[in-house]
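Visitor: got a predicted model here, sequence first, then my questions.
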Amino acid sequence: MLDVKFVRENMDAVREALRRRRSPVTLAGFEELDRERRETLSAVEKLRAERNAASEEIGHLRREGNDASALMERMREVSAAIKEKEAGLPDIEHRMEEVLHSLPNVPDPSVPEGEREEDNPTVRTWGDRPAFSFPVRDHVDIGTALDILDFDRAAKIAGARFCLMKGAGALMERALINFMLDVHTREHGYTEVLPPFLANSASFFGTGQLPKFEEDLFHVTGTDYYLVPTAEVPLTNIVRDEILSAGSLPLKMTAYTPCFRAEAGSHGKDVRGMIRQHQFNKVELVKICRPEESRGELETLTADAERILERLSLPYRVVTLCTADLGFSAAKTYDIEAWIPSQGRYREISSCSNFTDFQARRAKIRFRDGATGKIRLAHTLNGSGLAVGRTVVAILENFQQEDGSVRIPEALRPYMGGMDRITKAKGRS
RNA sequence: GGAGAGGUGGCCGAGUCGGCUGAAGGCAACCGCCUGCUAAGCGGUUGUACGGGUAAAACCGUACCGAGGGUUCGAAUCCCUCCCUCUCCGCCA
């Protein structure tokens, strides 16, 4: 959410931001609503001031044993007038909020303007893409043949966009989670958190998923709970409605959670395999920091995620999302994309964003500035460190062997009981 | 699920029969004094949001004592609904 005052005083800048984003949202009605709201508010406040003064007077008179019935009679009317005037406020404020809540974050000046995903410039590329002397198979074929992935039976249990992992596949998923958490906590200085996997609507509003993107979420019927689509929601909301001490910043947290996404509107997209699932595992990185630090923190956050891919010897590239591809709440986002041999292209495996004060304003995440003693909004950032399922996909495909087995990246072997290769298990599945 | 207790400022914690309580007192923080340093001590300052006002301040108004309604000239204080926390019992991984 943007600051009302900022919008009011920088209408042109906001319009320019919307244009850069290719957003269909407009500021239509904002000025009139804002003026209407302020006029009504000021009229109500004048009446309230009158009533407050009179009430005090009545108190005085009564204490001294004087008659105050005339004043009380007059105030009865004033109170009625207040009620009448006030009645219009909720509607105005509601419409005002609607406009305000629909405005996306202002992109950072360094974000390139673009029309579509293809306009995202590559920032850097790492690693050598494997060359295969045999026909490349995709992770579905590899995993099914090795009997470590089972999509058919997952569909029986749950439905489309679910996956069942077995044996070494399940072990690899668990190993990756542990590996990622260990690196981020021991080497990158994040505090591990195991949060609730359901959160209430206030939390979802805080990070910006609600009210605009409810259709992307799984809602638990009859409750105020939604399944988390990312650990960003519980982690960022840990400090919702809090005033932090400047000394505690930056806060760096990491968490493993399953993520649940309805994937409404992506029918027909990535239907095969585990690229796009209703449920997937992710290790998330979240930072809460001072405004001056957020640009730098985005760079280090992204680097922290990249280190994981490097340790796993998975080739990747980093792209900057152009204005049109940028998420609603983000001011700047780097996507890290891993090389997927079967598709002959890089696919998103992590998304690292700086939300500046956009989420902080919604979630009231503030800190006391030591220098001035003033309370200021913090900046929030987050990124996947990494999406675990997609990491398994990348490993299966990049490390596949001609005989159908899959080599395990060295860094992961200690987490898999020393296993260095996944081969077809004996016996029936 | 049953019974009880409670939710007040950055934190702890008073708020009597509704009126001069934005809210005592304490802690913390900040400024000054004092001190060889530290600690202690002494004096002072310190809520947030919105609106108005100002070059910027000062300043003025309104709202906020879990949330939302109600009663009243006036509600932190009374009434209703909901949420959350704690204790005991029951159930249970």
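Guide: Nice, thanks for sending it over.
Visitor: dump the residue contacts of the closest residue to A:Met419 other than its chain neighbours.
Guide: Nearest-residue entry for A:Met419: A:Ile408, 5.9 Å, with adjacent residues in sequence omitted and distances by Cβ to Cβ, 6 or more residues apart in numbering. Where you see a C-beta, it was placed from the backbone N, CA and C, and this is true even at glycine. A:Ile408 is in contact with A:Met172, A:Ile395, A:Phe399, A:Met416, A:Met419, A:Asp420, A:Arg421, A:Ile422, counting by Cβ atoms under 8 Å, 6 or more residues apart in numbering.
Visitor: can you list the residues of the stretch 101-250 of chain A near RNA strand B?
Guide: The stretch 101-250 of chain A comes close to RNA strand B at residues A:Ile243, as judged by Cβ under 7 Å from any atom of the strand.
Visitor: nearest to RNA strand B within the stretch 101-250 of chain A, name that residue for me.
Guide: A:Ile243 (4.5 Å; Cβ to the nearest atom of the strand).
Visitor: quick one: secondary structure of that residue?
Guide: With DSSP: H, G, I helix; E, B strand; the rest coil as the basis, the three-state label of A:Ile243 is strand.
Visitor: find the nearest non-adjacent residue to it, please.
Guide: Distances taken as Cβ to Cβ, 6+ apart put A:Arg366 closest to A:Ile243, at 5.0 Å, once the chain neighbours are dropped.
Visitor: what count of nearby residues applies to that neighbour?
Guide: 19 (other Cβ atoms under 10 Å).
Visitor: pretty sure it belongs to a strand, no?
Guide: Yes: assessed by three-state DSSP, A:Arg366 belongs to a strand.
Visitor: ok, it - contacts?
Guide: Neighbours of A:Arg366 in contact, by Cβ under 8 Å, 6+ apart: A:Glu242, A:Ile243, A:Leu244, A:Ala360, A:Ile375, A:Arg376, A:Leu377, A:Ala378.
Visitor: could you do A:Glu173 as well?
Guide: By Cβ under 8 Å, 6+ apart, the contact list for A:Glu173 reads A:Met165, A:Asn281, A:Val388, A:Gly389, A:Val392.
Visitor: show me the residues you listed that map onto helices.
Guide: Within those, residues falling in helices by DSSP state H are A:Val388, A:Gly389, A:Val392.
Visitor: for the contacts of A:Glu173, give me a markdown table that also has pLDDT and neighbour count.
Guide: Formatted as a markdown table, the contacts of A:Glu173 follow (pLDDT from 0 to 100; neighbours: other Cβ atoms under 10 Å):
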| residue | pLDDT | neighbour count |
| --- | --- | --- |
| A:Met165 | 96 | 20 |
| A:Asn281 | 97 | 21 |
| A:Val388 | 97 | 24 |
| A:Gly389 | 96 | 25 |
| A:Val392 | 98 | 25 |
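Visitor: give me the neighbour count for A:Pro121.
Guide: Considering only other Cβ under 10 Å, A:Pro121 is surrounded by 11 other residues.
Visitor: in this structure it contacts A:Pro112, no?
Guide: Yes: between A:Pro121 and A:Pro112 there is a contact at 5.7 Å, judged by Cβ atoms under 8 Å.
Visitor: mutual contacts of the two, please.
Guide: Counting by Cβ under 8 Å, 6+ apart, the residues touching both A:Pro121 and A:Pro112 are A:Thr320, A:Cys322.
Visitor: residues contacting the residue nearest to A:Thr185 when sequence neighbours are not counted?
Guide: Nearest residue to A:Thr185 in three dimensions, chain neighbours excluded: A:Glu192, at 5.0 Å (Cβ to Cβ, 6+ apart). Neighbouring residues of A:Glu192 by Cβ under 8 Å, 6+ apart: A:Leu181, A:His184, A:Thr185, A:Met253, A:Thr254, A:Ala255.
Visitor: thinking again about what came up before, partners of the residue nearest to A:Ile243 in the sheet?
Guide: A:Ile243, A:Leu377 (DSSP bridges).
Visitor: quick check on A:Leu386: phi, psi?
Guide: A:Leu386 adopts backbone torsions of phi -140, psi -180, taken as degrees, to the nearest 10.
Visitor: got a list of what the spatially closest residue to it that is not a sequence neighbour touches?
Guide: Closest residue to A:Leu386 apart from its sequence neighbours, by Cβ to Cβ, 6+ apart: A:Ser350 at 4.9 Å. By Cβ under 8 Å, 6+ apart, the contact set of A:Ser350 is A:Thr302, A:Ala305, A:Asp335, A:Ile336, A:Gly383, A:Ser384, A:Gly385, A:Leu386, A:Ala387.
Visitor: just A:His379 next, same as before
Guide: Here A:His379 is in contact with A:Ile288, A:Cys289, A:Arg290, A:Pro291, A:Glu293, A:Ser294, A:Glu297, A:Asn354, A:Phe355, A:Thr356, A:Asp357, A:Ala360 (Cβ under 8 Å, 6+ apart).
Visitor: distance of the nearest residue to A:Asp224 once chain neighbours are set aside relative to A:His379?
Guide: Excluding the flanking residues, the one nearest A:Asp224 by Cβ to Cβ, 6+ apart is A:Asn200, at 4.8 Å. Using Cβ to Cβ, to the nearest Å, one gets 24 Å for the distance from A:Asn200 to A:His379.
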